[in-house]
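Trainee: fold the following, please.
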Amino acid sequence: MCSVVGQRRLSLRLVQDERELNAVQRLRWRVFYAEMGADAGAPRPEHLDADVYDPLCDHLLVIDEDASAGEQVVGTYRLLRESVAKRSFGFYSAGEFDLAPLAHLGGSGELLELGRSCVLPPYRTSGTISLLWRGIADYIARHDIALMFGCASFAGTDVDAHAAALSYLHHRHLAPAECRPSVLPGKGVAMDRLAPGSYDERRALMELPPLVKGYMRVGAKFGEGAYVDHAFNTIDVCVVMPVEAIADRYAARFSAAA
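Mentor: Sure, this is the predicted structure:
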């Protein structure tokens with residue numbers, strides 16, 4: 001899958017070998033650790049963001065065909081299918097949120113966890129994001145995905161700095177109770193930091209991270225509570241996206257009837 005974004009020729013495909021997986025892990029290090037200030041813990045001289053889930057997952061690659069060798073991988077998304085998760089460590093998000101309410105929602109299809117999304121700063125455009133979503137659209141059609149979910153992050157661990165934005169999600173975009181994940185006990189904070197009417201909702205919407213706003217545009221809802229991830233220097237919310245509920249204008253992109 002190819003696209004021209006600005007003056008760059010970008011292509012999209014899945015990781016095919018260990019070398020490409022290492023390129024993804026180096027990209028994630030540059031974004032999560034060098035840029036966003038995640039704590040690597042033990043020294044990692046190889047500068048790779050890697051964990052036990054990586055070999056199990058499929059990884060979308062955004063490749064700049066015009067970049068020099070070694071600098072071509074500029075964006076990624078990690079995809080973990082329910083059938084794979086059940087045979088191994090489960091879902092990554094289960095370490096932050098109680099996912100039990102999602103267990104019955106797949107029906108005859110599968111659940112798909114989206115994670116570790118990142119794009120290098122010069123490529124953070126609507127064109128690049130659209131290319132990634134086109135790849136996800138193809139993937140969910142190929143694997144009969146019924147529901148997507150995952151974590152989306154706010155930068156930093158100062159909950160009060162995001163009080164209005166978190167409150168807005170809680171008051172306006174909370175998932176229905178029957179399909180609402182919740183942050184694990186003792187690991188998170190309430191999202192309704194401010195009372196309804198006590199903050200500017202328009203400004204709160206503008207303050208949401210671009211990825212969160214992107215999820216909202218396709219009809220996403222959010223779980224109860226937020227997880228404060230000190231290791232990654234983020235505040236995480238749980239996103240729930242039933243494929244059948246995706247907004248009309250995105251139905252063709254996701255090969256689903258809204």
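Trainee: what about this protein, any weak spots by pLDDT?
Mentor: Filtered on pLDDT under 70, the chain yields the residue ranges 1-7, 40, 42-43, 106, 245-258.
Trainee: just after the helix or strand hosting residue 10, pick out the following helix or strand.
Mentor: Here residue 10, judged by DSSP states H and E, is contained in strand 8-14. Of the helices and strands lying after strand 8-14 in sequence (DSSP H and E), the nearest is helix 18-28.
Trainee: identify the residues contacting that next one?
Mentor: 15, 47-50, 54-55, 59, 61, 70, 72-76, 116, 118, 120 (CB atoms under 8 Å, 6 or more residues apart in numbering). All C-beta spots, glycine's among them, are computed from the backbone N, C-alpha and C.
Trainee: go with 7 Å
Mentor: The contact list for helix 18-28, computed with CB atoms under 7 Å, 6 or more residues apart in numbering, reads 15, 47, 48, 49, 50, 54, 59, 61, 73, 76, 116, 118.
Trainee: quick one: buried ones out of those?
Mentor: 15, 48, 49, 50, 54, 59, 61, 73, 76, 116, 118 (16 or more other CB atoms under 10 Å).
Trainee: from these, which land in strands?
Mentor: Counting by DSSP state E, these place 59, 61, 73, 76, 116, 118 in strands.
Trainee: now do the contacts for the fourth one.
Mentor: Put plainly, it is residue 76. So residue 76 contacts 24, 27, 28, 59, 60, 61, 62, 116, 118 (CB under 7 Å, 6+ apart).
Trainee: those into JSON lines, with extra columns for distance to residue 195?
Mentor: Formatted as JSON lines, those follow (distance: CB to CB, whole Å):
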{"residue": "24", "distance to residue 195": "42"}
{"residue": "27", "distance to residue 195": "41"}
{"residue": "28", "distance to residue 195": "38"}
{"residue": "59", "distance to residue 195": "42"}
{"residue": "60", "distance to residue 195": "40"}
{"residue": "61", "distance to residue 195": "44"}
{"residue": "62", "distance to residue 195": "41"}
{"residue": "116", "distance to residue 195": "35"}
{"residue": "118", "distance to residue 195": "34"}
